[in-house]
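Student: Next input, structure requested:
(chains A and B)
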Amino acid sequence: MPKDSNSFADLSESELVEQAKTDPAAFGELYERYIKRIYNYIFYRTGNHHDAEDLSARVFARALQHIPGYVDRGVPFSAWLYRIAHNLIVNWHRDRGRRKILPLDEMVVSTLHSDSPERLAERQEEHDILLKAISYLPEERQRLLILKFVERLSNADIGEAMGRSEGAVKSLYHRTLISLRDEYERIQQGRDQNAPRLRLPRLRRKQ
Amino acid sequence: MDTNRQHTESYKDSMQMADEFTEELLLGQAGTESYGVAVDNSLLDWSLAQLIRDLSETLLPIEPSTAFVEDLKERLIASHVQPAEHEKPSPQVRGQWIRTVMSMFTIIGIASRVIGAVVLLTAILLKRRRQASPA
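Tutor: Numbers count the residues shown, from 1 in each chain, chains lettered A, B, ... in the order given. Just a heads-up that it's a prediction; the model follows:
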């Protein structure tokens, strides 16, 4: 029975998942393949590293607990992990007892050294508004944006992950952009009305 | 009718342009102001193009800490337990057992009704025969 990551490379995902039911090393391989993706998904849905780590750990602990009963129904294994992550995030939001507003403390904006402080502040503000607008979207549309921009998946791969055709992904993406644009403008108008002066936020440079 | 068809075609074009623009941007081939100028405004709304750019700058891949990733992997592998021979059956197997038991109860229920009906009918026929026979 293969034990190192090189031998797992020849296995299909179905074979690897089947082996992971009894082989810790195989489960470790699955973990390594998906931890970053799940972590990124959770990070952008919760807005901070602490909760992203906590929930990521719970996703894989739950996956480990239930993988003996996992049945391959032709859907990617990642879709199962995303479903677990989604359910935990829903519970997380419910336990927090308020709207799904991202705590944006740890969101950083990539900076160009040539940007002036005023421009940096403007961009940070724009990013904050955009992230807030994203958090108001339905879960499926948030996931689509994360798969497309964070994980840089093609429409075909996104379709496979979400159980949709490539054409359906394109259409959903277009509708998501329009909704997001409208939400962004709504938030921006609200801020313009309420905010008398722009206070420079404490910025963290992306390393 | 022609107007509806034009709107549909325009929507499809916008959808396609948004998708292509995103793909090129993420591949690092677009992102210059001239791209927007070259694009026919009726095909891709400029505000959508700007939104796509903002998304590409905002939704960046996040690296979890190496310590966290390695520590979690160790804990998961350490807690990975081989399934025992006498462990609780999987939900699918349990479901199958439940369906089998329910089927048996259903069959027993139907059989008992049939037998009961036969017994009742027999009793009625015997009673009528006794009543019909001379004392």
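Student: the helices in the chain, which residues?
Tutor: Picked chain A for this. Ranges of helices in chain A, per DSSP state H, are A:5-8, A:13-20, A:24-46, A:49-66, A:77-96, A:117-135, A:139-145, A:155-162, A:166-194.
Student: Correction: the question concerned chain B.
Tutor: Assigned by DSSP H, the helices in chain B fall at B:2-26, B:33-38, B:46-58, B:66-79, B:91-132.
Student: quick one: the third one to helix A:24-46, angle?
Tutor: Using axes from the mean of the first three to the mean of the last three Cα atoms, to 10 degrees, one finds that helix B:46-58 and helix A:24-46 are set 130 degrees apart in direction.
Student: Over to the last one?
Tutor: Angular relation of helix B:91-132 and helix A:24-46 on a 0 to 180 degree scale: 90 degrees, by the same axes, to 10 degrees.
Student: Tabulate the helices of chain A (TSV), appending mean pLDDT and distance to B:Arg128.
Tutor: To be clear about C-beta, it is placed using only N, CA and C from the backbone, and glycine gets the same treatment. As requested, these are arranged in TSV below (pLDDT from 0 to 100; distance: least, Cβ to Cβ, whole Å):
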stretch	mean pLDDT	distance to B:Arg128
helix A:5-8	69	80
helix A:13-20	91	68
helix A:24-46	93	75
helix A:49-66	95	65
helix A:77-96	89	67
helix A:117-135	85	81
helix A:139-145	91	71
helix A:155-162	88	72
helix A:166-194	89	72
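Student: among those helices, which is the most enclosed?
Tutor: Highest mean neighbour count of the helices of chain A: helix A:24-46, a mean of 22 (counted as mean count of other Cβ atoms under 10 Å in any protein chain shown).
Student: Kindly report the domain assignment for chain B.
Tutor: Domain segmentation of chain B under automatic domain parsing yields B:2-60, B:89-135.
Student: Please disregard the earlier target; I meant chain A.
Tutor: For chain A, the structural domains run A:12-98, A:109-207, going by automatic domain parsing.
Student: so can I have JSON lines of those showing distance to B:Ser112?
Tutor: Converted to JSON lines, the domains of chain A look like this (distance: least, Cβ to Cβ, whole Å):
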{"stretch": "domain A:12-98", "distance to B:Ser112": "36"}
{"stretch": "domain A:109-207", "distance to B:Ser112": "47"}
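Student: can I get those domains in CSV with distance to chain B?
Tutor: Output for the domains of chain A, formatted as CSV (distance: least, Cβ to the nearest Cβ, whole Å):
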stretch, distance to chain B
domain A:12-98, 4
domain A:109-207, 4
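Student: Identify whichever of those domains lies nearest to B:Thr100.
Tutor: With Cβ to Cβ as the measure, domain A:12-98 is the member of those nearest B:Thr100 (19.0 Å).
Student: From the chain's centroid, how far away is that closest one?
Tutor: Here domain A:12-98 is found 12 Å from its chain centre; the criterion is Cα atoms, centre = their mean, to the nearest Å.
Student: B:Leu72: which of the domains of chain A is closest?
Tutor: B:Leu72 lies closest to domain A:12-98 among the domains of chain A, at 5.4 Å (Cβ to Cβ).
Student: Now for A:Ile35: which residues touch it?
Tutor: Shown in contact with A:Ile35 (Cβ atoms under 8 Å, 6 or more residues apart in numbering or on different chains): A:Ser56, A:Phe60, B:Pro64, B:Val69, B:Leu72, B:Lys73.
Student: What residue, apart from its backbone neighbours, is nearest the first one spatially?
Tutor: In this structure, A:Ser56 finds its nearest non-sequential neighbour in A:Tyr39, 4.9 Å apart by Cβ to Cβ, 6 or more residues apart in numbering or on different chains.
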